[in-house]
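# When you get a sec, could you give me coordinates for this:
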Amino acid sequence: MMVFWAILKGIGWLALILLCLLLGCVMLALFVPLRYRAEGAYQERFSGKAKVTWLLHLVTAEVSFSDQVSYCVRVLGIRLVPKREKKISQKTAKKEVEKAAKEAVAAVGETVGEGSGNEDAKTQGQARQESVQAFGNGKGAGKTPPPQGTEKSLTKADRREGGQNATQDFGEDLTEKIWEKILLFLEKMSSQYGQLRDKIRKVCDTLSYYMKILRREETGQLCRLFFSQLKNILHGVLPRKLLVRLCIGTKNPASTGQIMALYGMLYPMLGNRVVILPDFEEAHAEGSFYLKGRITVCRLVICMLRIGLNKNFRMLIRILRKKEEA
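Take a look at the predicted model:
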């Protein structure tokens, strides 16, 4: 009995340890921020790099791009993506070379065999053509004339009467076909007009229904809550440090001065984060940027829960579901 209780105690402690580990992983994922950094420059071509780290650089992901894009993902300093290529030993290299040589020799033999087969086929075809020509030039190649039938001669009056009857029949058939097409076109137009009218009526009804929902006071409160939480999400996601440096020249002092005047108007909003240097002599554009920030998952989850658990949001979902079921 004591052994049984000892086994249960060990299982309980193991389950508790696993539960604590799971809870610790969840807490780390929620409260440890995801840090990101990016920098780049433009001088006749664009180049830059970006890096994302988590939990004291235990998990890192890097992307760099200039002429070509390269990326790398590391966990505990071990590169996972892209995987390293295995080194090929000398024995395997020799085996691969011998295999490629055998395949090349077999391919050459097949091409030689196909060439000889084509020559034999050509000689057989020439022999058949010569035999056919000889048989055609011989006595047995007689031509059978097609059978000739007797034709009845018609007078000019009969031909005129037949032509008039044919033109009358053709005109009647043409008018009947045109009239049928006109009737079909009118029927299609009437049916399409009825369908279009019904669709417009349905769209107007749905729009009026949703407008009534939007005019409610509960919907207004939900919209205000949504925009406030969206502002919090953007505040937590956008970079905390940003520096942009530009050098712009248009070879026209007047247009360059206009650009600098616009920059002066926007300076209270941009501040020291964006710096523009003018060039009044040459026409070119250069620039560089640097940004750094972090994202906390816990903040995003709290904002989403505030929206999802709101009673006005749940009521709006019920109303929309009833509309779809109806």
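# For the rest of this, base every contact and every neighbour count on C-alpha atoms.
Noted.
# Residue 226 reaches residue 308, doesn't it?
No - counting by CA atoms under 8 Å, residue 226 does not reach residue 308; the two are 10.0 Å apart.
# buried sites along the strand ranked longest in the chain?
Taking DSSP state E as the criterion, the chain has its longest strand at strand 283-295. By neighbour count with 16 or more other CA atoms under 10 Å, strand 283-295 contains the buried residues 286, 287, 288, 289, 290, 291, 292, 293, 294, 295.
# Which residue is the nearest non-sequential neighbour of the second one?
In space, and not counting its chain neighbours, residue 287 is closest to residue 246: 4.2 Å by CA to CA, 6 or more residues apart in numbering.
# Over to the fourth one?
Leaving aside its sequence neighbours, residue 289 sits nearest to residue 244 (CA to CA, 6+ apart; 4.4 Å).
# Please identify the helix or strand for the one you found.
Using DSSP states H and E, residue 244 falls within strand 241-250.
# Check which element follows that strand along the chain.
helix 253-270.
# Show me what the helix or strand following that next one is packed against.
Downstream of helix 253-270, the first helix or strand assigned by DSSP H and E is strand 274-278. Packing partners of strand 274-278 (3 or more CA pairs under 8 Å, 6 or more residues apart in numbering; DSSP states H and E): strand 241-250, helix 253-270.
# Now do the longest one: distance to the chain's middle.
Spelled out, that is helix 253-270. How far helix 253-270 lies from its chain's middle: 38 Å, per CA atoms, centre = their mean, to the nearest Å.
# For it, which outside residues touch it?
Applying CA atoms under 8 Å, 6 or more residues apart in numbering, the contact partners of helix 253-270 are 248, 249, 250, 276, 278, 279, 280, 281.
# what's the average pLDDT for that helix?
The average pLDDT for helix 253-270 rounds to 90.
# rewinding a little: pLDDT on the longest strand of the chain, on average?
Mean predicted confidence for strand 283-295 is 92.
# next helix or strand past it?
Later in the chain than strand 283-295, the nearest helix or strand by DSSP H and E is helix 297-308.
# buried set for that next one?
297, 298, 299, 300, 303, 307.
# After that helix, heading C-terminal, what element do we hit next?
helix 311-325.
# centre of the chain versus that following helix, how much separation?
On CA atoms, centre = their mean, the centre of helix 311-325 falls 32 Å from the chain's centre.
# and what of stretch 30-40?
Relative to its parent chain, stretch 30-40 has a centroid offset of 27 Å by CA atoms, centre = their mean.
# If we ignore the residues flanking it in sequence, what's nearest residue 282?
That would be residue 251: by CA to CA, 6+ apart, it lies 4.8 Å from residue 282.
# for that neighbour, phi and psi?
phi 70, psi 10 (degrees, to the nearest 10).
# Would you agree it is in contact with residue 285?
No - between residue 251 and residue 285 there is no contact under CA under 8 Å: 11.1 Å.
# Tell me where this protein has strands.
Using DSSP E, the strands found in the chain span residues 34-42, 46-54, 59-65, 69-75, 78-81, 241-250, 274-278, 283-295.
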